[in-house]
Every structure is written in structure tokens, then in C-alpha cells.
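Engineer: With the input below, show me the fold.
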Amino acid sequence: MIQLDRPTSSKRRWIICGLLFAATAINYVDRQMIGILKPILSREYSWSETDYGTIVFWFQAAYAIGYLGFGRFIDKVGARLGYSTAVVVWSIAHICHAFITGLASLTLARIGLGLGESGNFPAGLKAVTDWFPKKERALATGIFNAGANIGAIITPLIVPIITIYFGWRMAFIITGFLTIAWLIAWWLIYKLPQHDPKVSEAELALIQSDPKDVPVTISWSTLIRRPETWGYAGAKFLIDPIWWMFLFWLPDFFAKRHHLDLKSFGPPLVAVYIMSDLGSIAGGYLSSRLLSAGYSLNSARKIAMLVSAIAVLPIFGAAFVDDLWTATLLVGIATAAHQAFSCNLYNYPGDIFPRFAVASVVGIGGAAGAIGGMLMAKYAGFVLDTIGSYGPIFAVAGSVYFVALAVVHWFSPHYDLVELEPTSSL
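Structural biologist: Coordinates of the predicted model:
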């Protein structure tokens, strides 16, 4: 074994976290653009709300399938190659949006985007599990998950400008090339910590301070039989559709309820996602703080999720207030609370499953969340076409987090480590 010449100190793991943050931001720029451009595309191609719901439905279907596939793929090949593959697929699909001619071609492009983008979180969480000890994972996940909100902040600022001056097709092409620089940086920088000469002995000891896992492969049937897998998947099925709803329909909400357009809905969207960003970091900080204060991992994660579920409740009134900034505040609190809840839930697989199973469990949960998103897309399209109000949609958004926490607690009441029977040794 080659002995690496290591520095006396390092914080290399936080550079990796920064790369994950950047990739997630780009990921969300690419997926959110359809919501920003919805008014223009709906007018140009005469889409109904149900048509738009169908477009979102097929994106989510591809995302669900891709999440399952990428979860297994990343467990086999690792985060470096797995993330690179995902980025290449979603970048090509994103640029293809510039060449659509109608509903069918856009749906195909969204399917490709969904397949590629589904690899982002399994790969990111795999990297966090490889690079961070359990006591730091919630904070690291909160930081890289906050990239979703940065992407959502950037999108309403840059996409309208590009669209106004160069057209909506060029907006897809220009943003599609953002991933090239990231991919080069990822391929040059990312290694496992034990193979990275820029990681100090002290940092490596911290990263490897948790008990080591035996390297084996695990079958789908083994994972599906575990109640803890259902706890994670059930919670994702419930909460992920709410975030998708905000991402794809929030620009439309501000356009219809408060009469904003491409030039004016940027500030409230930016405000909402800045609050979301703070919520993501706060959720990870809260559970990490509780752990430092002596709370068990079980209590720290679940208390943080309970606080987050309570904070979502103001969304019930967002559809009925007339003042734009009051509505923005209510939505922003709800999205911040979602991200706080989500960053703790994201740590569930890494907390209790062996490292070799983490990406697969994340894949199962992501697929469940995407299936829930498919149902939400159809529900939102139906409600808006028939009732024309976001009230019923926000009512669902305000209630599911308590159910999700109950599901987690039901299937994993003590948050015990999962012991798996290996399918085969690697």
C-alpha cells in the first residue's frame, strides 16, 4: 500500500461539500426553468393546467425510475463515476429543451432530464457518507442541500434576463453549459478520503471514526423487507411532492394570485428560496446541536423534524392573503421548514444503514418521493383547472409533515442500526 505524504492539517471534506453544493444548485436551475418559463410556453403552445401537470408527471416518472437505477449504480461504482454519469445525462437532456416543437417533444426532454437529475442526491449522499462522520453528516447534508435553494434563487434572476434578450431557447443552451466546469472540477478533485493526499491524518481519523462496515452487496429484496426502508420511503412519498409543487407551481401562483410576470416575480421567489436556504442549514444545525448537547441520534433527528413540521403550518393561509409580501413570508417559512425537515430525513439512511446500502436506500426513497410527485402533479393540474385556487393544494402541503414524522417513528421507533444479511462479499 502506498503511503501518502499528508499535510499536518486539512479541511478537505468541506471542499467536497462545496462541490456537492454547486452541483445541487446547477441541478435546480435546470429543473426549475420550466416553472419560470411556464407562462411563455403555455401561451406559445396553448397548454392547459392539466397539460402542464402531465409534463411534470412524466418528469417525475423518469425521476422515480432513475432514482432506483442510480442508487444501485452509485453503490457499485462510487460517487465519483456515478455523479459524473448523472451530470452528463441531465446536461444533454437540458440542452435538448431548446429544440422542442410542442408537448410531445418537451415531454421527451423532461423524461431525459428526470433520468439524469435523479442521480444528484444518491451520489451526493453517498459522498457525504464517504467523507463525513455521523456527527457532521446532518450539517454537511444541510449545506449541500441548500444548493437547491441557491439554484432556485439564481433561476428567476438570470433566466428572465436571458429570455428577454436572447429568447427562451437560448436560455436552455446557456444554462446547459454550466455543468461542464463543474464536471471538470469534480473529476479532478474528488477521490475517496483515504486516497486523497491533501487529507491530513487528523482529518482522515475523524472521517473514519465511525465503526467500519463490511464491504458486501445487498439485494433489493433484503432492503425492501426492512421496515426502516419503508420508514424512509414512506416519509419521502409524503414530503417530496410538496417541494416539487413549490418548485414547479410557485411562479404560477405569484403570476395568477398576485398578477406578477417574468419581469416581476423574481424578488418574491428569491426571498422564498433565501429563506429555504437558511432553513436547510438551520435544520442540520439544530440536530447537530442537540447531538452535541447529549441527545441521542433518535431524539435529535426526530425533534428537529417535529419543529420543522410545526413551522410548515402557516402555509394554510398563503392562498388567501391579498398582500404579496405577506404571502411570500408564509410560503417562505413553509419552504424553509420543508428543507429543515428534509435535511434530517436525508440523513436517515446514512445514520442507520451500512455504508454499502446507503445509495440504494436513498434510491428507493427518492423513487417513492417521485411517485408522490406524480400524484401531486395530477392533483395540482386538476385543482387549478376545476377550482382555480391554490387553497386545497396548500392545505395538503401544511399537513403531511406530521404524517411523515409518524411514519418514520412507526417503522424506526428507536433509530437502531440496521444489521443486514449480505448477498455476497465484494
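
Engineer: show me the contacts for R110.
Structural biologist: Counting by Cβ atoms under 8 Å, 6 or more residues apart in numbering, R110 touches I34, I55, V56, W58, F59, A62, A93, H97. No exception for glycine: its C-beta is placed from N, CA and C like everyone else's.

Engineer: Pretty sure the fifth one sits against G114.
Structural biologist: Yes - taking contact to mean Cβ atoms under 8 Å, the distance of 4.3 Å between F59 and G114 places them in contact.

Engineer: And the contacts of stretch 282-297?
Structural biologist: For stretch 282-297, contacts defined as Cβ under 8 Å, 6+ apart pick out 134-136, 138-143, 145, 299-301, 303-304, 307-308, 336, 339-344, 347, 351, 415.

Engineer: neighbours around the closest residue in space to L37 that isn't next to it in sequence, how many?
Structural biologist: Nearest non-adjacent residue to L37, counting by Cβ to Cβ, 6 or more residues apart in numbering: W168, 5.3 Å away. Residues near W168, counting by other Cβ atoms under 10 Å, number 21.

Engineer: ok, W168 - contacts?
Structural biologist: W168 touches L37, I40, L41, counting by Cβ under 8 Å, 6+ apart.

Engineer: Can you list the residue ranges for strands in the stretch 201-350 of the chain?
Structural biologist: For the stretch 201-350 of the chain, applying DSSP state E, counting those that start in this stretch gives strands covering 216-217.

Engineer: circling back: just the contacts of W168 now: which is nearest G231?
Structural biologist: L37 (37.3 Å; Cβ to Cβ).

Engineer: Just the pLDDT for that closest one.
Structural biologist: For L37, the model assigns a pLDDT of 92.

Engineer: any idea how far H94 is from it?
Structural biologist: L37 sits 13 Å away from H94, going by Cβ to Cβ, to the nearest Å.

Engineer: what is the mean pLDDT for stretch 154-165?
Structural biologist: The model assigns stretch 154-165 a mean pLDDT of 91.

Engineer: Show me where the stretch 301-426 of the chain dips below the pLDDT cut-off.
Structural biologist: Applying pLDDT under 70 to the stretch 301-426 of the chain flags the ranges 421-426.

Engineer: Mind doing that once more with 50?
Structural biologist: Scanning the stretch 301-426 of the chain for pLDDT under 50 picks out 426.

Engineer: What are the boundaries of the helices in it?
Structural biologist: Counting by DSSP state H, counting those that start in this stretch, the stretch 301-426 of the chain has helices at residues 324-346, 348-352, 355-386, 391-397, 400-411.

Engineer: Show me what the third one is packed up against.
Structural biologist: This points to helix 355-386. helix 49-77, helix 120-131, helix 220-224, helix 227-258, helix 348-352, helix 391-397 (3 or more Cβ pairs under 8 Å, 6 or more residues apart in numbering; DSSP states H and E).
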